[in-house]
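Asks: My questions are about this predicted structure, shown below with the sequence.
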Amino acid sequence: MSKLTILLYPDKRLHTVATPVLRVNDEIRNLIKDMGDTMYGAPGVGLAATQVDVHQRIIVIDTSPARDNLRVFINPEIVEANGVADCEEGCLSVPGIYEKTQRAQHVRVRALDATGATFEHEADGLEAVCIQHEMDHLEGKVFVERLSRMKQQRILAKLKKRQRDTE
Ligand code: GNR
Ligand code: NI
């Protein structure tokens, strides 16, 4: 069991664009295991490698109520997206901040699994939102950057104040 450190917004490293995984080997499988431990321990419903300062295209997700259905997507691509989901979005890298966003309601994703095999998965609702949120992390984007400038400034001010208060 190894929990990794999650980078906190506005850390510049969260803006790194991740590179594709060239080979799914034991090193990648170990990382996936640690990412699962980190996500469940947080607790969160998803985690992108970017958040633990590894800039490779890997995400893990578990939106099941029992937290017993870990899904791994390596080099994920959205091959179909439709509908609109209004959601209240949060991020482990921006703790305590929740804001309404709009995402696709339904996505079809193509990725490699932990054995290196290609698969496709269809997701709706929270799981679909989560996949889009994690894929944004791989592009170096944090969900607050989808909000208005005013909201972003309010969030930054809140985080700064919180940091001052805990120092
Ligand atoms: O735990 C998480 N919850 C969540 C809720 C609504 C929309 C997206 C998410 S993802 C987030 C975990 C996280 O930060 N992943 O990058
Ligand atoms: Ni996040």
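Replies: Cool, the structure landed. Numbers count the residues shown, from 1 in each chain. Ligands and ions are numbered 1, 2, ... in the order given.

Asks: Get me the contact residues on this structure for ligand 1.
Replies: Within the chain, the positions near ligand 1 by CB under 6 Å from any ligand atom are 44-48, 51, 87, 89-93, 129-130, 133-134, 137. (C-beta placed from N, C-alpha, C; glycine too.)

Asks: what sits against the residue in the chain that ligand 1 sits nearest to?
Replies: Relative to ligand 1, the nearest point of the chain is Gly44 (3.0 Å; CB to the nearest ligand atom). Residues in contact with Gly44 (CB atoms under 8 Å, 6 or more residues apart in numbering) are Leu92.

Asks: what about Asp11, neighbour count?
Replies: The number of residues packed near Asp11 is 14, by other CB atoms under 10 Å.

Asks: In contact with it, which residues are there?
Replies: Contacts for Asp11 (CB under 8 Å, 6+ apart) come out as Ser93.

Asks: Can you tell me how far it is from Gln102?
Replies: Note on Asp11: its distance to Gln102, by CB to CB, to the nearest Å, is 26 Å.

Asks: circling back to that earlier point, may I ask which helix or strand encompasses the residue of the chain closest to ligand 1?
Replies: Taking DSSP states H and E as the definition, one finds Gly44 inside no helix or strand.

Asks: Could you pull out the helices in the chain for me?
Replies: 26-41, 125-138, 149-165 (DSSP state H).

Asks: Out of the ones you listed, which one sits most buried?
Replies: helix 125-138 (a mean of 22; mean count of other CB atoms under 10 Å).

Asks: what's it packed up against?
Replies: Packing partners of helix 125-138 (3 or more CB pairs under 8 Å, 6 or more residues apart in numbering; DSSP states H and E): strand 46-48, strand 58-61, strand 71-82, strand 85-89, strand 99-103, strand 106-112.

Asks: Point out where the protein drops to low pLDDT.
Replies: Along the chain, no part satisfies pLDDT under 70.

Asks: swap the cut-off to 80 and go again
Replies: Across the chain, the ranges flagged by pLDDT under 80 are 167.

Asks: Please produce CSV containing the helices of the chain, extended by distance to Ala111.
Replies: Below are the helices of the chain laid out as CSV (distance: least, CB to CB, whole Å):
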stretch, distance to Ala111
helix 26-41, 12
helix 125-138, 9
helix 149-165, 30
